[in-house]
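Q: Predicted coordinates and the sequence they were generated for:
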Amino acid sequence: MNGRKILKYRILSMLTVVVAFLIGACAHGPAPKQMADVIYTGGDIITMNDSQPTAGAIAIKDGKILMVGNKADIKKHKGNSTKIVNLNGKTLLPGFIDAHGHVFNAGLQALAANLLAIPDGTVNDITSLQQTLRDWAEKYPSRVNKTGWIIGFGYDNAQLKEQRHPTRDDLDAVSKTAPVLAIHQSGHLAAINSKGLEVAGITAVTKDPAGGVYRRRKGGLEPDGVLEEMSFFKLVFTVLGKLGTEDNKALLKAGLDLYSRFGFTTAQERACHN
C-alpha cells in the first residue's frame, strides 16, 4: 500500500469516528435535568453565603440541596412528583450548629415537666410551677416510677413573679411522700423538697461539696432545698444513674428529636467522657 492510500485510509477512519460521535450525541441529546423531590418557595430564604445571601427558591433531591436560585431557574427542576412547599412568608435558614450543648440533658428536659416561662411554657410564678409538677406526675406515673422522682426542667427565678427560687417548702406542697426535683433553666442548679433532701441524705451537718453549695435557711444551717453546681450535679447523676440502657437511649432520642424540631442539624453532649 503506497503513502497516498495509507493517508486516505487514516482520514476515512477519523471521519468515521467523528461522525459516529456526532450521531451518538444527537441521539442522546443533552443530559436531562434532575427533578427535585421538594421545592421550597414563598418566603425569605437565607443562605449565609455572602456571594448569594438570599434566594427565591431552593430545590432538594435525595435529602441534599440540588439548587438555590430564583424561582424561574428552580421551576425547571419541578417534576410530576415534586412536592412544593409554600413558606407563606416564613424564613428558611440553614440548619443550626450546636457548638456547646447537652443533648442528653435536652432529652431529660423533653420528658420532664415543662417549667419554662411563657411563651415556651406556662410557669410564671411558684403556684403555676407547683401545679405543673402535680399535673406531670399524674399524667406520667411510669416516668416517676423510673427514677422514683417527680422531675421538672426549665424554671427561671428571674421570670417568676416572686423573683426567687422555689424552696423545699414550696415543693413540699407538690408532694411530701415522693421526692421532687425542679431543675433551673441553666442546668446548673435545682430545688428539691424535704423528701428529696431526706433521700439524698442532705442535712444541716452536710458539708458543701467542692464546687457546690447547699443553700441554707436564713439564720441556720438547715438546707432550704436549693442546690448549686456540684451539689446539684451529684444528685442528678445519682437519680439518672438508676436508669437502664434502654431508658438512657430513650433520653438521647428525646433530646435528638427536640433538637431536630427546633432546626438543629448537629448535636453533642459536652458532659460525656470516655
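A: Looks like it came in fine. Because the structure is predicted, anything quoted here is derived from the model rather than measured.
Q: What's the local residue count around residue 153?
A: By other C-beta atoms under 10 Å, the residues close to residue 153 number 23. All C-beta atoms are positioned from the backbone trio N, CA, C, and that covers glycine.
Q: could you check the distance from it over to residue 179?
A: 15 Å (C-beta to C-beta, to the nearest Å).
Q: got it, and residue 135?
A: For residue 135, the distance to residue 179 - C-beta to C-beta - is 18 Å.
Q: beta partners of residue 189?
A: Beta-bridge pairing of residue 189 under DSSP bridges involves residue 228.
Q: Which residues are in contact with it?
A: Neighbour list for residue 189: 165, 226-229, 232 [criterion: C-beta atoms under 8 Å, 6 or more residues apart in numbering].
Q: what does the model give the residue nearest to residue 46 when sequence neighbours are not counted for pLDDT?
A: Using C-beta to C-beta, 6 or more residues apart in numbering and skipping the chain neighbours, the partner closest in space to residue 46 is residue 93 (5.1 Å). Residue 93 is assigned 90 on the pLDDT scale.
Q: What is the burial count for residue 93?
A: 11.
Q: what do you get for the one 10 residues further on?
A: The burial count assigned to residue 103 is 22, neighbours taken as other C-beta under 10 Å.
Q: That one and residue 253 touch, don't they?
A: No. Contact between residue 103 and residue 253 fails when scored by C-beta atoms under 8 Å: they sit 9.9 Å apart.
Q: now for the contacts of residue 189, which pair is the farthest apart?
A: Greatest spatial distance among the contacts of residue 189 (C-beta to C-beta): 165 and 229, at 13.7 Å.
Q: mind listing what the nearest residue to residue 271 once chain neighbours are set aside touches?
A: Using C-beta to C-beta, 6+ apart and skipping residues adjacent in sequence, the residue nearest residue 271 is residue 102, 5.9 Å away. By C-beta under 8 Å, 6+ apart, residue 102 lies in contact with 187, 269-271.
Q: Torsion angles phi and psi at residue 137?
A: The phi and psi values for residue 137, taken as degrees, to the nearest 10, are phi -60, psi -40.
Q: nope, residue 54 is what I was after
A: Torsion angles at residue 54 (phi, psi; degrees, to the nearest 10) stand at phi -130, psi 170.
Q: For it, the count of nearby residues, please.
A: Residue 54 has 10 nearby residues by other C-beta under 10 Å.
Q: hey, what's it bridged with?
A: Here residue 54 sits in beta bridges with residue 46, going by DSSP bridges.
Q: how much space between it and residue 88?
A: With distances taken as C-beta to C-beta, residue 54 is found 17 Å from residue 88.
Q: domains for this protein, by residue range?
A: Following automatic domain parsing, one gets these domains for the chain: 38-92, 103-261.
Q: how long is the shortest one from one end to the other?
A: The first and last residues of domain 38-92 sit 14 Å apart, counting by C-alpha to C-alpha, to the nearest Å.
Q: roughly how far out does that domain sit from the chain middle?
A: Relative to its parent chain, domain 38-92 has a centroid offset of 24 Å by C-alpha atoms, centre = their mean, to the nearest Å.
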